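> Okay, sequence plus prediction incoming.
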Amino acid sequence: MKVFIHIFISFALLAPAFSVSARQQGLVANNASRFSKLQSLNMQDVHWTRGFWAERFQVARDAMVPNIWAIYHDPKISHAFKNFEIAAGLDTGSHAGPSFHDGDFYKVLEAMAGMYAATRDEKLRAQMDKAITVIAKSQREDGYIYTKSLIEQRKTGSRNQFQDRLSFEAYNIGHLMTAACVHYRATGQKNLLAVATKATEYLYRFYKSASPTLARNAICPSHYMGVIEMYRTTQEPRYLELAKHLIAIKGKIDDGTDDNQDRIPFLQQTRAMGHAVRATYLYAGAADLYAETGADSLLRTLNLIWDDVQAHKMYITGGCGSLYDGTSPDGTAYDPAVVQKIHQAFGRDYQLPNFTAHNETCANIGNMMWNWRMLQLTGNAKYADVMELTLYNSVLSGISLDGKNFLYTNPLAYSDDLPFKQRWSKDRVPYIKLSNCCPPNVVRTIAEVSNYAYSKSKAGIWVHLYGGNTVQTSLADGGRLLLEQQTAYPWKGQIRFEIRESPSRPFSIFLRIPGWAETARINVNGHPEKNVPGSGSYVQLQRIWKKGDVIELELPMNTRLIEANPLVEENRNQVAVKRGPVVYCLETQGLPGNNLFNALVPVHADFKPVEMNVAGTSLTGLETELELNDRTAWKNELYRPVNAKTTKATATLVPYFAWGNRGHAEMSVWLPLSR
């Protein structure tokens, strides 16, 4: 086996007595990141007021976060917190649940911290403090923390770690790092940060001495993002060295796999491959590293992979990871020894099945986080478009409207007539026993979504997501800005901003013109702006702003029929319906008494927006007249002659994220086109 040697700068092995840097309070604390064009606002700066995201945030506050906290403290449902108590010696028993259970609980903690940042609810702080005390007590003196091993070590006295190639030790520690940094930024407390610091020191020492084979035992690399956030929080230079090392060793082994993105060294990769969650987490972490180092090779690789995903491998909903199980390289090798099985795989180019689409909620969140980081690096609106698309569609679809039930996978079609049972339920469930990683991930994302709405730069403030809110922040030069946004977006395209407080110097407000908006109109204090750029860009409005100034942005909310590249075989001669950033679907309740798979969309169909109440949530559906193929149910047959007879029926399409919230349903995003 080739031995890859990476020389670390020699540092003391004991945990350093460093002081935490001046507290950056952004979700991604990139204010001092030299190669990031945009910087995050503080977590406390943006507050939802009315409209879509205000409603989702209220559900998060009242239901999502309390529910997920209760689940993870009930050992009859989830053993995650009980594992910490056993590892800490506060209870007896054995480890139960998947090996990434620790990471799931850290995501729950992060959701609590994100909610605390927005609400200042002291009950949340007290609940977190109790849990953190137990977590700290479970940690080994050298910083190692992984309840599955620690519980076993209490029984045997052994000190083994990272022995299992498929263990989630580093993944769990990565989510500990991120949760600790978010908790510190939200609360100012260092109790969880102290645990994460010991764990980061442990990882530094481990990677300094581990063989390449042992070091590769770190799947699903959340720690790539986590290590960078620890560097940003503590300014400890060794953590940046560790982050560089993690990328350097990626693929420096003889028996790597595409499943784990280490068959090919990372900087030689040009296409998205392997397990979609592991991939998108890796890409997000590499983007974080670029923000600190400016290494052109990192950005080149990320650009090539991003182009591949957008052109060949991403669903219309922003979902990623099309296959339950795939092969690499592409099932075409004649040597069976080099054909690898890949779970939750990016398929071949244009391989985007609908009924059997995997699209794990965590992969979709990973796609969103990666695009958020690329947006921060560049200020390019194309990344904001993907971030928004994913949030509204394949992220929100992973949780019920009431915030208490979850999907692991997010298919684009479902039929009760499928002749096989799929691995994951297509009805949302309260707890996904085999792998409950997605529920706390989607809850933390929604609790923190205000952090994705704005950025700032030396030139001014950038608006990425539209929703009713107030933002009170400091600009790059310290000037105070208070801005109010009012809108019924994404249901309506009128967006109004009013300046409530502003520095007495010129600065810019950058408004995003989404890629789907063919035209946009802007008025400032009632006067139309000229030379508004085209879709997929930011318009820069620069002047000395005054209290009471009003900006009005109008985006066209036309309903459009979308077709896929003809190489996407399953979607040939079919269309999807999209309005603004929202993808729609037809489900059982929208075409009562009929088989929705007999429905055809007329090429000149007229879609009427209609107000709907789905599971207590107000949203906009689309009413239209469809054609129905007058055919009988299929028997035990594979082919039969076409029946050209059709009838007409009125149908109501629902936003894709809301499907399945009115009871069990069949569903399809793509519908045959009638010309």
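Okay, I see it. Residues are numbered from 1 along each chain as shown.

> Please count neighbours and contacts with C-alpha atoms only from this point.
Fine.

> Now the element after the helix or strand of the chain with the lowest mean pLDDT, going C-ward?
Counting by mean pLDDT, DSSP states H and E, the chain has its least confident helix or strand at helix 212-215, which shows a mean of 68. Later in the chain than helix 212-215, the nearest helix or strand by DSSP states H and E is helix 222-234.

> so what secondary structure elements neighbour that following helix?
In terms of contacts (3 or more C-alpha pairs under 8 Å, 6 or more residues apart in numbering; DSSP states H and E), helix 222-234 is packed against helix 169-187, helix 191-209, helix 237-248, helix 276-293.

> thought residue 385 was touching residue 517?
No - with contacts counted by C-alpha atoms under 8 Å, residue 385 stays clear of residue 517, the gap being 10.7 Å.

> Spit out the residues that contact the two alike.
Residues touching both residue 385 and residue 517 (C-alpha atoms under 8 Å, 6 or more residues apart in numbering): residue 536.

> These two - which one has more neighbours?
Taking neighbours as other C-alpha atoms under 10 Å, residue 385 and residue 517 compare with residue 385 leading, 26 against 19.

> That one falls within a strand, correct?
No - under DSSP: H, G, I helix; E, B strand; the rest coil, residue 385 sits outside any strand and is assigned helix.

> can you tell me which residues contact it?
Taking C-alpha under 8 Å, 6+ apart, one finds 514, 515, 536 in contact with residue 385.

> Let's see the pLDDT reported for it.
As predicted, residue 385 sits at a pLDDT of 98.

> Could you check how far it is from residue 660?
Using C-alpha to C-alpha, to the nearest Å, we find residue 385 at a distance of 26 Å from residue 660.

> What residues of stretch 516-532 count as buried?
Neighbour counts using 16 or more other C-alpha atoms under 10 Å place 516, 517, 520, 521, 522, 524, 532 of stretch 516-532 among the buried residues.

> Let me have the residues you listed in JSON lines, extended by distance to residue 145, pLDDT and secondary structure.
Shown next, in JSON lines, are the buried residues of stretch 516-532 (distance: C-alpha to C-alpha, whole Å; pLDDT from 0 to 100; DSSP: H, G, I helix; E, B strand; the rest coil):
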{"residue": "516", "distance to residue 145": "46", "pLDDT": "97", "secondary structure": "coil"}
{"residue": "517", "distance to residue 145": "48", "pLDDT": "96", "secondary structure": "coil"}
{"residue": "520", "distance to residue 145": "52", "pLDDT": "96", "secondary structure": "coil"}
{"residue": "521", "distance to residue 145": "54", "pLDDT": "96", "secondary structure": "strand"}
{"residue": "522", "distance to residue 145": "53", "pLDDT": "98", "secondary structure": "strand"}
{"residue": "524", "distance to residue 145": "55", "pLDDT": "98", "secondary structure": "strand"}
{"residue": "532", "distance to residue 145": "53", "pLDDT": "91", "secondary structure": "coil"}
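
> Most neighbours among the contacts of residue 385, which one?
Neighbour max across the contacts of residue 385 (other C-alpha under 10 Å) = residue 514, 25 neighbours.

> doesn't residue 539 make contact with it?
No - taking contacts as C-alpha under 8 Å, residue 514 lies outside contact range of residue 539: 10.7 Å.
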